[in-house]
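Student: need coordinates for the following:
(one chain, ligands or ions: 1)
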Amino acid sequence: MVRVLYLGGLGRSGTTLVERLLGELPGVCALGEVVHLWQRDVRDDERCGCGARFSGCDFWRRVGERAFGGWANVDVDRVHALRDAVERTRHIPRLASAVEAPDEVREYAGYYARVYAAAADVSGAAVVVDSSKHSALAHVLRWADGVDLRVVHVVRDARGVAYSWTKRVTRPETDGADEMTRYSPGRSALLWNAHNAAFGLLARRGVAVRRIRYEQFLADPRAELLGLAEFAGLRLAAADLPFLRPGHAELTTGHSAAGNPMRFTVGRLPLRRDDAWVRALPALQRRLVGAVCGPMLRAYGYPLAVEESR
Ligand SMILES: [Zn+2]
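Tutor: Numbers count the residues shown, from 1 in each chain. Purely as a prediction, here's the structure:
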């Protein structure tokens, strides 16, 4: 069995930051957003977190050899066809209610299981981290053979998430040619509800799910990381976290395959919560998102009045 910590949540909720810090823990190997590995890395040869092209990264070359006898043996079209058939948000009710997984779900989950097992072997880590985020993939991975799945559900205030989705961010791995997706606040509010609810459903299906709040994670990263390590079955002490300094972390090079540009950061990473939305998100949009996401914001312990949440 390979132990997998899956970081889930709507994009722009801080999953990359959580992954980077987890990747510094002894016994942990962080893989980035494996969901994008097939297209962006195996096919398009984008850059690994270590800076090398995917095909030039020794870690991923060894993982590919162990998992598939080389990446050239992976039929990316087949992976995409399976993804389109099973890994969709609209399929979550069916995935959640299934008593037995359809063959396509098992086959699709099998590609991930092979990557996880190979990465654990190559790195020697006890736990691998996949920060793919997608709730539908988490529901698929419930059926992966040989995977001890533990899901970290990362929640961030929906208004901060909405503001982040309105900003322009370039993707450095494409040398500035491409920008990350943007959503209107109304759209991201609906996605926030749907994805967070999907992780609640996963927990009710018996999967180990631990919910963390981005804001609380940054308020006390040491305690939160030790809690996550325990959830992942690792026995760590405060002395195992020398990379945590007052107000920042010192990051080493990782091999994150895909995801937020923060995966390229080496050295000093400031650890302060991004509250720019409190001033920068227009009041009308703030109220719209607050209304759409109100019930779940309350359930997660977020105050609805902005003054209180600062
Ligand atoms: Zn690499």
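
Student: near the ion, which residues of the stretch 201-310 of the chain?
Tutor: By Cβ under 5 Å from the ion, the residues of the stretch 201-310 of the chain that approach the ion are residue 255. Placement of C-beta: from N, CA and C, glycine included.

Student: again, but for the stretch 1-150 of the chain
Tutor: Going by Cβ under 5 Å from the ion, the residues of the stretch 1-150 of the chain near the ion are 48, 50, 57, 59.

Student: correct me if wrong, but the last one is in a helix.
Tutor: Yes - if the criterion is DSSP: H, G, I helix; E, B strand; the rest coil, then residue 59 is within a helix.

Student: circling back to that earlier point, now, among the residues of the stretch 1-150 of the chain next to the ion, which is nearest to residue 298?
Tutor: Proximity of these to residue 298, judged by Cβ to Cβ, is greatest for residue 48, which lies at 40.6 Å.

Student: circling back to that earlier point, top of the residues of the stretch 1-150 of the chain next to the ion by neighbour count?
Tutor: Sorting these by how many neighbours each has (other Cβ atoms under 10 Å) puts residue 48 first, at 26 neighbours.

Student: hang on, that one packs against residue 58?
Tutor: No - taking Cβ atoms under 8 Å as the contact criterion, residue 48 and residue 58 are not neighbours in contact, 9.8 Å apart.

Student: in a strand, residue 269, correct?
Tutor: Yes - secondary structure assignment places residue 269 in a strand (three-state DSSP).

Student: closest one of the residues of the stretch 1-150 of the chain next to the ion to residue 192?
Tutor: residue 48 (29.9 Å).

Student: just the pLDDT for the closest residue in space to the closest one that isn't next to it in sequence.
Tutor: Excluding its sequence neighbours, the residue lying closest to residue 48 (Cβ to Cβ, 6 or more residues apart in numbering) is residue 57, at 4.2 Å. Residue 57 is assigned a predicted lDDT (pLDDT) of 98.

Student: where does this protein dip in pLDDT?
Tutor: Filtered on pLDDT under 70, the chain yields the residue ranges 170-178, 307-310.

Student: and the strands in it?
Tutor: Secondary structure of the chain (DSSP state E): strands located at 2-8, 28-30, 127-133, 147-155, 208-213, 244-245, 248-251, 267-270.
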